[in-house]
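> Below are the sequence and a predicted model for it; my questions follow.
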Amino acid sequence: MEKQKNDTLKTIVRSMRRKTICENFIVLQSVASALNLRLDFEEVEFDDDDLYCIPILLNHIYSTQIYENILYILCDNFVLHIIDLDTKHHWSKVLEKQPGFGCLAFWIFKLKVSLIAIRLTKIYHQY
């Protein structure tokens with residue numbers, strides 16, 4: 001399978017909205033058996049044969065989306081995992097370093113602000 005074009009990736013990333021852990025879990029659970037994912041309520045880990053077999057904590061996943069039989073997993077550190085559901089080919093991209101993603105600066109700013117707001121809310125509720 002050929003890699004996704006930047007224009008396609010920009011469109012998909014812009015359409016992704018922050019999802020809860022439960023929403024991400026449901027999307028991942030729908031493809032877990034087909035992709036040999038090890039999935040529990042805290043993390044997802046890809047198959048051992050995969051280069052990217054490092055587990056990803058579900059609370060570090062910004063959003064998951066299936067589009068044209070391809071699974072996209074966008075993490076809070078701006079890494080986009082792209083998995084073809086037919087061929088099971090998996091690769092990842094760091095979005096901040098890709099050409100053409102400079103116009104996502106506002107989206108990145110919103111993401112960072114939302115992360116700070118979540119941390120402040122947790123601190124507030126501790127006291």
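Nice, I can see it. These numbers were taken from a predicted model, which means no experiment stands behind them. Numbers count the residues shown, from 1 in each chain.

> what residue ranges in the chain score low on pLDDT?
Where the chain drops to pLDDT under 70, the residues are 1-4, 48-53, 96-110, 127.

> which helix of it spans the most residues?
helix 105-126 (DSSP state H).

> for this structure, what spans make up the helices?
Using DSSP H, the helices found in the chain span residues 6-15, 21-35, 105-126.

> any idea how far Trp91 is from Leu85?
Look at Leu85 and Trp91: by CB to CB, to the nearest Å, they are 14 Å apart. Every residue, glycine included, has its C-beta placed from N, CA and C.

> And Leu120, by the same measure?
Using CB to CB, one obtains 35 Å as the distance from Leu120 to Trp91.

> Looking at the helices of the chain, spot the one closest to Ile70.
Of all the helices of the chain, helix 6-15 sits nearest to Ile70, with 8.7 Å by CB to CB.

> Could you export that closest one as PDB, CA atoms only?
Below are the C-alpha coordinates for helix 6-15, written out as PDB (Å, rounded to 0.1, in the frame of the first residue of the first chain):
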ATOM      1  CA  ASN A   6      -0.200  15.000   3.000                       C
ATOM      2  CA  ASP A   7      -3.500  16.600   1.800                       C
ATOM      3  CA  THR A   8      -5.500  13.500   2.800                       C
ATOM      4  CA  LEU A   9      -3.700  13.400   6.200                       C
ATOM      5  CA  LYS A  10      -4.400  17.100   6.900                       C
ATOM      6  CA  THR A  11      -8.100  16.600   6.100                       C
ATOM      7  CA  ILE A  12      -8.400  13.500   8.400                       C
ATOM      8  CA  VAL A  13      -6.500  15.100  11.200                       C
ATOM      9  CA  ARG A  14      -8.600  18.300  11.000                       C
ATOM     10  CA  SER A  15     -11.700  16.200  11.200                       C
END
